[in-house]
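**Q** Quick one: sequence plus predicted model below, questions after.
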Amino acid sequence: MIMRNAMPLFESSELASVTAQCEELLKKLQRGGVDAQTRLRREQRLRQLRAEQMRLEVQLGLGARQ
């Protein structure tokens with residue numbers, strides 16, 4: 001029971017970290033000035049982070065509601 005109460009706090013801090021990483025990558029992608037391979041790696045990493053962000057939002061009940 002105690003572990004269950006602690007999970008949302010951990011998940012919300014993890015969500016904040018993932019969101020910050022997404023924002024940092026977006027800034028780097030917008031800035032440009034890198035070779036194609038680096039850009040592709042950053043885009044792939046951004047897709048992975050966005051998927052993780054959506055998963056955490058759903059777990060925390062922050063996802064879009066129908």
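**A** Received the coordinates, thanks.
**Q** Need the three-state assignment for the residue nearest to Q21 when sequence neighbours are not counted.
**A** The shortest distance from Q21 to any non-neighbouring residue, by CB to CB, 6 or more residues apart in numbering, is to L49 (5.5 Å). C-beta: built from backbone N, CA, C; applies to glycine. When classified by DSSP: H, G, I helix; E, B strand; the rest coil, L49 comes out as helix.
**Q** One more: E23?
**A** Look at E23: counting by three-state DSSP, its state is helix.
**Q** give me every residue that touches the residue nearest to Q21.
**A** Neighbour list for L49: V18, Q21, C22, L25 [criterion: CB atoms under 8 Å, 6 or more residues apart in numbering].
**Q** measure it to V18 for me?
**A** In this view, L49 and V18 are 6 Å apart by CB to CB, to the nearest Å.
**Q** for D35, same thing?
**A** For D35 relative to V18 (CB to CB), the value is 26 Å.
**Q** what's the answer for G33, then?
**A** When distance is defined by CB to CB, G33 is 25 Å away from V18.
**Q** Look up how far Q59 lies from D35.
**A** 36 Å.
**Q** Report the mean confidence score over stretch 41-54.
**A** Stretch 41-54 comes out with an average pLDDT of 96.
**Q** Now do the buried residues in that stretch.
**A** R42, L46, L49, E52, Q53 (16 or more other CB atoms under 10 Å).
**Q** Which residue is the nearest non-sequential neighbour of the second one?
**A** Distance criterion CB to CB, 6+ apart; nearest residue to L46, sequence neighbours excluded, is L25 at 4.7 Å.
**Q** how many other residues sit next to the one you found?
**A** When neighbours are defined as other CB atoms under 10 Å, L25 has 16 of them.
**Q** contacting residues around it?
**A** L25 touches R42, R45, L46, L49, counting by CB under 8 Å, 6+ apart.
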